[in-house]
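Enquirer: coords please:
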Amino acid sequence: MNVTKKNLLEILGAICVSALFAASGMHVAAQAWNVQLSTAKIYLLALAASVFVGGCVFGNDPVSRKAQKAAQEDGTKSASTGRAWGIFAALLGAAGIIVLSAGSVRDLLVAAKSAEVALSDYAPFIACVGTVGLTAAAFGVCRVRGGVYAMALAFFMILAASRSMGQSLNVLHVIPGLSALVAMYAVCSSDKGAALRTLVSSALIAAILATACLPGEGTVFTPLNNAANKARAIFEDYFKFTHSRVAYSLYMDGYQPLGELLGGPAQPSEDAVMRVESTEDLYLRGTIKNTYTGYSWTDNAVKSRYLYVDPMRAGVKAEVFGTENVNENAFFRTDAEVEFLAEGTSTLFVPYRAENVSAPIAMAVYFNTVGEVFLPRNAAQGDSYSFDVWLPVSESTVKAYSGADGAEGMDVALVALPVGVDARVYALAEEITQSAYSDYEKAAAIRDYLQNNYTYTLDGAYGSMDRDFVSDFLFDWKEGYCTYFASAMAVLSRAAGLPARYIEGYHVPADESGETIVTGLNAHAWTEVWIDGLGWMTFDATPGMDGEEPDSGENGTENSTEPTPTPTPPDEEQLPTPAPEQENDPGQHTPPTPTPDPGNQPPTPPENDNNDSDSDSDRNFAWLWWLLLALVILAGGAFLVRMRLAASDPVKLSAAQQDEETRLLVWYRALLTVFASEGQIPESTETPAMFARRMRAAGLATESFERFADALMLSRYAGKQASETQLEAAQQAYDELVSQLRNAEKIRWLRRRLVKGLGNIRKIP
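Expert: This next block holds a predicted model:
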């Protein structure tokens with residue numbers, strides 16, 4: 001076999017193997033992403049790309065050019081004919097690429113001009129480009145020793161990425177790619193003769209397997225599929241947690257029959273919830289609420305969620321949980337372990353000043369800026385975690401370190417009370433704390449007053465939405481269970497000028513055995529009060545929680561002498577039970593994908609130098625084709641990016657609209673993309689005006705956005721014509737928000753515009 005024929009066979013084998021490898025990989029990826037691109041088109045496109053690259057390489061290969069030079073000296077035309085065949089193959093492959101991808105390019109150009117675009121609009125074009133690029137890369141490494149390992153890594157990365165999309169892998173779709181890898185390994189062998197023989201046979205076997213396997217569907221290796229599902233779930237928990245979660249609430253354990261509304265008879269569950277290993281008395285926080293409405297506790301704070309093990313958030317974590325510079329004279333350190341005995345919510349229950357929360361790798365632990373700890377999923381039976389915690393040495397010890405600065409420097413929301421609170425509440429708070437000097441003494445005085453003057457009962461009275469719940473409890477009912485006492489403790493503390501917040505979770509009493517089975521009877525509500533010099537401190541105003549058991553419930557046992565309370569319907573119309581509170585604070589941990597910069601103008605390839613086939617320029621000439629292809633792809637990508645950004649530019653898009661109302665909606669959609677990059681989206685029940693006020697209260701928006709939101713509401717619902725001044729206010733708000741974005745947020749903002757555009761500009765989300 002002469003040199004030219006041997007080289008031709010090697011290139012033909014590389015064409016077959018690279019086409020098979022790329023087509024198999026892209027077929028798997030297309031199935032995972034639900035790309036509407038037929039199997040036949042993927043394989044034909046890969047073949048056309050490999051023929052194009054193979055023709056380019058064969059026509060400019062140094063070995064072929066050596067043969068050509070020898071043929072010219074001998075007066076033959078065989079080598080020049082081979083070079084002509086190489087050019088012909090390259091042109092044929094290029095024509096195939098153009099024909100097969102023309103429809104996808106046409107659909108992409110149409111979609112790029114639209115303000116709203118779906119993945120299905122441009123995914124086929126991306127699949128075509130990916131197929132061509134993967135084929136070219138596979139062809140390149142086929143003839144480089146060791147290159148097969150890089151392609152094997154790429155292939156398995158494609159499989160892993162496809163599994164992360166939640167799709168089951170069809171083994172029959174993977175076999176062609178694996179067969180191609182075997183053939184690549186043969187090509188990379190040091191024994192060129194053996195490599196050539198193995199290449200031809202492997203390519204033939206792979207082609208037969210591909211033909212036989214592709215029609216099949218649904219073959220899944222169960223153990224491998226289960227392992228892949230578990231790995232995908234862990235990956236998504238750690239890196240793709242952006243959805244809402246269901247947080248814990250006391251009504252899940254039989255308290256508050258009206259859901260999140262305070263009041264009503266309680267029937268606590270006796271079902272086991274978790275096992276806690278600790279010898280200390282623990283208050284395990286579940287949900288933290290800071291806004292008192294007069295009839296319920298809510299949490300309207302702007303929260304960000306972070307991965308607990310993220311080392312970049314260590315400072316934030318220490319600040320949120322109060323573990324910075326803990327006073328070791330006032331607090332001692334201990335540890336505890338928790339195991340769920342039944343399925344729960346996403347909430348993990350940990351005390352304040354907890355640190356080193358540790359869980360198996362399958363449990364991705366998160367925390368938010370309020371101090372709640374949770375999973376991206378609901379806790380399952382058998383899930384366990386441990387933590388260290390700093391607990392007060394004694395009340396007399398911590399009291400000595402208390403200051404008297406009250407709410408100085410604190411968020412005003414933590415001392416705010418609604419206007420419906422009875423004036424007698426403020427007078428009572430002043431009376432209770434008049435002889436107290438420090439913040440701690442004031443809070444302790446309020447706690448002791450409630451424990452000594454009010455009665456514990458599970459047969460609590462119903463509250464109503466037109467009267468203040470705490471005022472009724474303090475001056476009329478004077479009896480209730482933990483939510484009554486915790487609410488009164490928080491409201492009286494705020495009335496006395498002390499920042500306070502309402503906590504729901506579980507109280508785990510100290511047990512010398514070191515193990516406690518926690519049930520619904522341990523579900524509890526208490527108050528945390530900010531004490532100058534100490535930070536947040538737990539104050540439990542429920543009678544009996546200082547060591548003497550209350551009559552029933554909330555301590556793991558019920559007093560059998562007390563009859564089971566019979567619920568009494570409220571005097572007013574029964575209110576619907578609200579759904580469990582869902583936290584909707586988007587994640588900040590997912591690393592953004594930067595947008596590639598456009599490539600420079602492609603250089604002009606040098607003219608062929610046929611005088612010396614062994615020169616560096618001759619050996620490297622083939623790489624100019626690769627460079628040209630890469631630059632074309634970069635230029636095309638830059639062009640598409642520019643078109644997508646232009647299609648989501650609110651200035652241009654607003655100017656193209658015929659009516660003023662639609663222009664306002666364009667600007668509102670544009671503003672929402674900016675807020676989304678900061679992790680803030682409107683709640684399902686929020687109007688634009690409500691969302692604007694919440695963002696301004698959080699310091700994330702200015703007055704111009706609030707004015708614009710009001711104008712949008714008037715235009716949309718009152719039919720008031722929008723003015724140019726209002727549109728200018730919208731642009732001003734947009735420019736202000738964009739200017740305050742950090743680098744990472746700007747990347748997310750651009751990515752969102754590229755992928756989703758501005759959304760549906762005909763309706764308010």
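
Enquirer: where does residue 344 land in three-state SS?
Expert: At residue 344 the chain is in coil, as set by DSSP: H, G, I helix; E, B strand; the rest coil.

Enquirer: Spell out the secondary structure type for the nearest residue to residue 698 once chain neighbours are set aside.
Expert: Residue nearest to residue 698 in three dimensions, not counting chain neighbours: residue 302, with 4.0 Å by C-beta to C-beta, 6 or more residues apart in numbering. Any C-beta I mention is one placed from the backbone N, CA and C, and that applies to glycine too. The assignment at residue 302 comes out as coil when based on three-state DSSP.

Enquirer: okay, now residue 302: neighbour count?
Expert: Neighbours of residue 302 under the rule other C-beta atoms under 10 Å: 16.

Enquirer: I'd say it and residue 701 touch.
Expert: No - contact criterion C-beta atoms under 8 Å: residue 302 and residue 701 do not qualify, at 11.0 Å.

Enquirer: can I see the domain layout of this structure?
Expert: Here the domain assignment for the chain is 3-238+590-645, 250-566+578-583, 648-756, based on automatic domain parsing.

Enquirer: packing partners for the longest helix anywhere in the chain?
Expert: In the chain, with assignment by DSSP state H, the single longest helix is helix 78-112. For helix 78-112, the elements it packs on are helix 3-32, helix 39-60, helix 62-74, helix 119-142, helix 622-647, judged by 3 or more C-beta pairs under 8 Å, 6 or more residues apart in numbering; DSSP states H and E.

Enquirer: the inter-axis angle of it versus helix 3-32?
Expert: 20 degrees (axes from the mean of the first three to the mean of the last three C-alpha atoms, to 10 degrees).

Enquirer: How about residues contacting stretch 331-339?
Expert: If you take C-beta atoms under 8 Å, 6 or more residues apart in numbering as the criterion, stretch 331-339 is touched by 274-280, 282, 284, 348-349, 353, 382-393, 398.

Enquirer: what's near enough to touch the residue nearest to residue 698?
Expert: Residue 302 touches 585, 680, 694, 698, 700, counting by C-beta under 8 Å, 6+ apart.

Enquirer: what about the second one, distance to residue 136?
Expert: Using C-beta to C-beta, to the nearest Å, one gets 43 Å for the distance from residue 680 to residue 136.

Enquirer: Report the backbone C-alpha coordinates of stretch 297-312 in CSV.
Expert: Extracted in CSV, the C-alpha atoms of stretch 297-312 (Å, rounded to 0.1, in the frame of the first residue of the first chain):
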residue,chain,number,x,y,z
TRP,A,297,-47.4,36.7,62.1
THR,A,298,-45.7,36.9,58.6
ASP,A,299,-42.2,37.4,57.2
ASN,A,300,-42.0,40.1,54.6
ALA,A,301,-38.2,40.5,54.8
VAL,A,302,-36.2,40.3,51.6
LYS,A,303,-34.2,37.1,52.1
SER,A,304,-31.3,35.6,50.2
ARG,A,305,-30.4,32.0,50.5
TYR,A,306,-26.9,30.6,50.6
LEU,A,307,-25.4,27.1,50.6
TYR,A,308,-24.4,26.5,54.2
VAL,A,309,-20.9,25.1,53.3
ASP,A,310,-20.1,28.0,51.0
PRO,A,311,-16.8,29.3,52.4
MET,A,312,-17.5,32.7,50.7
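
Enquirer: List the buried residues in that stretch.
Expert: Buried residues in stretch 297-312, counted by 16 or more other C-beta atoms under 10 Å: 297, 299, 301-309.

Enquirer: ok, so of the residues you listed, who is nearest residue 471?
Expert: Comparing those against residue 471 with C-beta to C-beta picks out residue 297 as the nearest, at 15.2 Å.

Enquirer: Setting the sequence-adjacent residues aside, check what's closest to that closest one.
Expert: Nearest residue to residue 297 in three dimensions, chain neighbours excluded: residue 289, at 4.0 Å (C-beta to C-beta, 6+ apart).

Enquirer: can you tell me which residues contact that neighbour?
Expert: For residue 289, the contact set (C-beta under 8 Å, 6+ apart) comprises 297-299, 501-504.

Enquirer: just residue 421 next, same as before
Expert: Per C-beta under 8 Å, 6+ apart, neighbours of residue 421: 294, 468, 470-471, 491, 495.

Enquirer: where's it relative to residue 450, distance?
Expert: For residue 421, the distance to residue 450 equals 16 Å [C-beta to C-beta].

Enquirer: cool, residue 333 as well?
Expert: Residue 333 is 30 Å from residue 450, by C-beta to C-beta.

Enquirer: Likewise for residue 480?
Expert: From residue 480 across to residue 450, the span is 10 Å (C-beta to C-beta).

Enquirer: for residue 305, same thing?
Expert: Taken as C-beta to C-beta, the span from residue 305 to residue 450 is 34 Å.
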